[in-house]
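Visitor: kindly generate the corresponding structure for this input.
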Amino acid sequence: MEIDRAALAAFLRRRRELLQPEDVGLPRGPRRRTVGLRREEVAELCHMSTDYYARLERERGPQPSESMIASMAQGLHLSLDERDHLFRLAGHAPPVRGTSTVGEHISPGLLRVLDRLTDTPAEVVTELGETLRQTPLGVALTGDTTGFAGPARSIGYRWFTDLGTRALYEPADHAFLSRMFVSGLREVAALRGPGSRASHYAELLLARSDEFRDLWDRHEVGIRPHHVKRFVHPEVGALELNCQTLLDPDQSHRLVVYTAVPGSESHERLRLLAVIGPRALR
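Guide: Numbers count the residues shown, from 1 in each chain. Have a look, this model is predicted:
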């Protein structure tokens, strides 16, 4: 496939013009004259330089890589069909879709909800517990969990291979969380089948962790998270947070939102955490 520079540029311009700042969690400002988003705003959302993005809109520059196209599709809040169209315009085959594969492209609807949760810890995660996006207060609560690579992207994998992961959670809950992560991985591995990422993670953990191996041999399934999660934050202390989940069935993504009961000690500590920010977990 060859890149269609003219069509790619026109599509990017049109999508940028259709997006408003409030659609992507940005302030509008009093003197905005641009129709839709500015190029520099889109570039920031897509994690690229303004110059690079501007050249694409002007039908110039090198052919974007597949990872760059994926980043642009996410930054522009494209639907899956729009994402696939963008890949083709850029001269690449779109990512494979199907029941046996789960993508990492977050739906525009889920992103719009997340962008509005400015004062709440929240994150979008895959079925394997890989964090795709966090709110700022979500980063302050658990640290930036989007930066891990390979199997370590999954909190269930880190739980058994990096015991420092457990420090953020109430010690009395550790045994239950271990069972829950193993149960969840077993269910996903059965759903996605041999050769899936879930099956690969299970094989790696069976070779690395005695605890995982013992729990895997129990063949437990159906262990679900508690509605209240107990954290031990290094800066603000103990937090008991209610956990609500919104599921995107098309991508098997979950928007997880953490809230505290108003007037509770955890509520006050969460407000303090909003002021402190993520400094303690960098």
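Visitor: can I get stretch 266-274 in CSV, CA atoms only?
Guide: This file holds the C-alpha atoms of stretch 266-274, laid out as CSV (Å, rounded to 0.1, in the frame of the first residue of the first chain):
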residue,chain,number,x,y,z
SER,A,266,-10.5,8.8,52.7
HIS,A,267,-12.3,11.6,51.0
GLU,A,268,-10.2,14.2,52.8
ARG,A,269,-7.0,12.3,52.0
LEU,A,270,-8.1,12.1,48.3
ARG,A,271,-8.5,15.8,48.3
LEU,A,272,-5.1,16.2,49.8
LEU,A,273,-3.7,13.9,47.1
ALA,A,274,-5.1,16.1,44.5
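Visitor: what sits up against that stretch?
Guide: 119, 121, 137, 140-141, 233, 235-241, 260-261 (CB atoms under 8 Å, 6 or more residues apart in numbering). Placement of C-beta: from N, CA and C, glycine included.
Visitor: what residues sit buried inside it?
Guide: Neighbour counts using 16 or more other CB atoms under 10 Å place Ser266, His267, Arg269, Leu270, Leu273, Ala274 of stretch 266-274 among the buried residues.
Visitor: can I assume the first one sits in a strand?
Guide: No: secondary structure of Ser266 (DSSP: H, G, I helix; E, B strand; the rest coil): helix, not part of a strand.
Visitor: contact partners for the nearest residue to it once chain neighbours are set aside?
Guide: Leaving aside its sequence neighbours, Ser266 sits nearest to Ala260 (CB to CB, 6 or more residues apart in numbering; 4.1 Å). Under the criterion of CB under 8 Å, 6+ apart, the neighbours of Ala260 are Leu239, Glu240, Leu241, Asn242, Ser266, His267, Arg269, Leu270.
Visitor: quick check, the first one in a strand?
Guide: Yes: note on Leu239: a strand contains this position according to three-state DSSP.
Visitor: isn't it up against Val228?
Guide: No: using CB atoms under 8 Å, Leu239 makes no contact with Val228, being 10.1 Å away.
Visitor: the more surrounded of the two?
Guide: Leu239 (23 against 14; other CB atoms under 10 Å).
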